[in-house]
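> I'll drop the sequence and a predicted model, then ask my questions.
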Amino acid sequence: MHDALFQPLKLGAIEAANRILMAPLTRGRATQPGFVPNEMMATYYRQRASAGLIISEATGISKEGLGWPAAPGIWSDEQVEGWKPVTDAVHAEGGKIILQMWHMGRIVHPSFLDGEPGVSASATTAPGHAHTATGRQDHQQARALELSEIPRVVEDYRHAAANAKKAGFDGVQLHGANGYLIDQFLRETTNLRTDEYGGSPQNRVRLLREVLQALIGEWGADRVSVRLSPNGETQGADDSDPAAIFGEAAKVVEELKLGFLELREPGPEGTFGSTEVPKQSPLIRKIYSGPLVLNSDYTAEEAVQNIESGLCDAVSFGRPFISNPDLPERIKTGADWAENVNVPQSWYLPGAAGYIDYPTLSEENQM
């Protein structure tokens, strides 16, 4: 019944054993101070290595870009050393893992930056609250990146990509979704610039293109991917013509021949904002000829349907992988999926509970 999900797939240079990918999931278990990956994280990813490909949790490329308590980074030597046991653990189980590269832009609260404002395409303020080490605080106005600073931001991405290679990853994914820095440049409500990075869709994709070119310089295009969220409002980032801006972004991905493109298309109850606007994946499928991965609130049956219809080549599952470390096995055997417990507290709170204590199907059967 689910055979389509268990066919191998080439994602650029990466050979995925199946088409059940693990989507990036922020879990907040890195060691502080220093945002350093640790042994518990290695256990977590090892448990989920049966995914065709693991896309790591969003990982800060720089101090400036990381504004989430206990999320991991990839800018320091200590962080690189912390990631090595994680990638080793996944590879020891026969799995593949790529690093998702994160700059949160205006979502970074000044408390992470010694009181300095976050940076963005323009001097805007995100709605709602930031998660900080001392609890939820109102978002603060970001400052616009100066034109002269943009090469430095691109270099931060390149440096992080080089570190990801040292840490043993199989590739990298640029986080261009969910209202973070790249998305802030793409969308008109957050990009009010009048220089070559603002205005037309061709200008607003310029940073996306430059960062991807920097990542390709370190990895080659066939080990670079990007995640986009080409729909409605997300963390205050929105656009009146998503087809125009995300069609232009898809042209960049096609031109650069990336390994794959992942699209987050949330339903009405999606995290980081919902959407009722038409999905852009059919349009993007016509523009981008490489492997297309879709994400958000899929059942196994829906995933099969979209793969068999040709709408996508694989599906990335997020929250189901939290409570089902062996999700591919459960799908293959038709077993029930375990439910997340203590949600959403266990998504982000420190400790093993709700993180590495979910049993596999075989462990359940032995209880």
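Sure thing, it's come through.
> my guess is Thr333 contacts Leu361, does it?
Yes - contact criterion Cβ atoms under 8 Å: Thr333 and Leu361 qualify, at 7.1 Å. Backbone N, C-alpha and C define where each C-beta goes, glycine included.
> What segments of this protein are helices?
For the chain, the helices defined by DSSP state H occupy 39-47, 77-92, 150-166, 181-186, 201-204, 206-219, 242-256, 281-287, 300-309, 319-323, 327-333, 345-348, 361-365.
> could I get these as CSV with distance to Gly105 and mean neighbour count?
Shown next, in CSV, are these (distance: least, Cβ to Cβ, whole Å; neighbours: other Cβ atoms under 10 Å):
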stretch, distance to Gly105, mean neighbour count
helix 39-47, 25, 20
helix 77-92, 20, 19
helix 150-166, 10, 19
helix 181-186, 3, 28
helix 201-204, 14, 18
helix 206-219, 11, 20
helix 242-256, 16, 20
helix 281-287, 23, 16
helix 300-309, 31, 16
helix 319-323, 24, 21
helix 327-333, 31, 19
helix 345-348, 20, 16
helix 361-365, 40, 12
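> Any idea which of these gets closest to Trp68?
helix 345-348 (8.5 Å; Cβ to Cβ).
> residues touching Thr125, list them.
Arg106, His139, Gln140, Gln141, Ala142, Gly236 (Cβ atoms under 8 Å, 6 or more residues apart in numbering).
> Can you tell me which of those has the most neighbours?
Most neighbours among the contacts of Thr125, by other Cβ atoms under 10 Å: Arg106, with 31 neighbours.
> Model confidence score at it, please.
For Arg106, the model assigns a pLDDT of 98.
> Can you pull out the low-pLDDT segments for the chain?
Counting by pLDDT under 70, the chain has low-confidence residues at 267-277, 342.
> Go again with 80.
Counting by pLDDT under 80, the ranges of the chain that qualify are 1, 266-277, 340-345, 367.
> where does stretch 288-297 sit relative to the chain's centre, distance-wise?
Computed by Cα atoms, centre = their mean, to the nearest Å, the chain-centroid distance of stretch 288-297 equals 13 Å.
> again, but for stretch 117-128
The mean C-alpha position of stretch 117-128 is separated from the chain mean by 20 Å, Cα atoms, centre = their mean.
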